[in-house]
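Colleague: sequence unknown, structure follows:
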């Protein structure tokens, strides 16, 4: 799937399409490209498991009522998810920016000899189609998930303040 060297001087692992494929296969980013039902099930199961694992830690350090322990563990798990979704968003947005751009910055052998390559029309069209129709739905899904986590966090803070 990579462009030949006579068409594209960018090294194989720095070509935007290959970066996309590598990101899609990585263990951290792979679950964000699942189907919607699998994605929701995965997120909810990881959230519930993290809350269950955080409850004994908070209970050990603070001998307070179980309701407070539950709220604090939900808030801690929510902070973890905010960080995870932020990292997912940053990774995917970097790749989509490189796919949609008409130029590609790359390094031939090190940080000191960076070059800029202008994509050919065929490669640009292919990269933009992949960026717009494959990656943008994942980015929207991650944005909505991040917004939901931030809203849940703020709601949890409000509930703890009112209790």
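Modeller: Structure received. Here the structure is a predicted model, which is why all the values come from computation and not from measurement. Numbering: from 1, shown residues only.
Colleague: so which strand or helix has residue 50?
Modeller: When elements are defined using DSSP states H and E, residue 50 is found to belong to helix 36-61.
Colleague: give me the helices and strands touching that helix, please.
Modeller: Judged by 3 or more CB pairs under 8 Å, 6 or more residues apart in numbering; DSSP states H and E, helix 36-61 is in contact with helix 66-100, helix 136-162. For every residue, glycine as well, the C-beta is placed using N, CA and C.
Colleague: redo those helices as TSV? Include distance to residue 55 and mean neighbour count.
Modeller: Output for these, formatted as TSV (distance: least, CB to CB, whole Å; neighbours: other CB atoms under 10 Å):
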stretch	distance to residue 55	mean neighbour count
helix 66-100	5	17
helix 136-162	15	15
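Colleague: reformat these as a markdown table; add mean pLDDT and distance to residue 28.
Modeller: Written out in a markdown table, the entries for these read as follows (pLDDT from 0 to 100; distance: least, CB to CB, whole Å):
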| stretch | mean pLDDT | distance to residue 28 |
| --- | --- | --- |
| helix 66-100 | 93 | 8 |
| helix 136-162 | 94 | 12 |
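Colleague: out of those helices, flag the one nearest residue 20.
Modeller: helix 66-100 (5.1 Å; CB to CB).
Colleague: for the closest one, packing partners?
Modeller: Right, helix 66-100 is packed against helix 16-25, helix 27-30, helix 36-61, helix 121-130, helix 136-162 by 3+ CB pairs under 8 Å, 6+ apart.
Colleague: ok and that helix relative to helix 136-162, angle-wise?
Modeller: Between helix 66-100 and helix 136-162, the angle formed by their directions is 160 degrees, by axes from the mean of the first three to the mean of the last three CA atoms, to 10 degrees.
Colleague: good, wrapping up.
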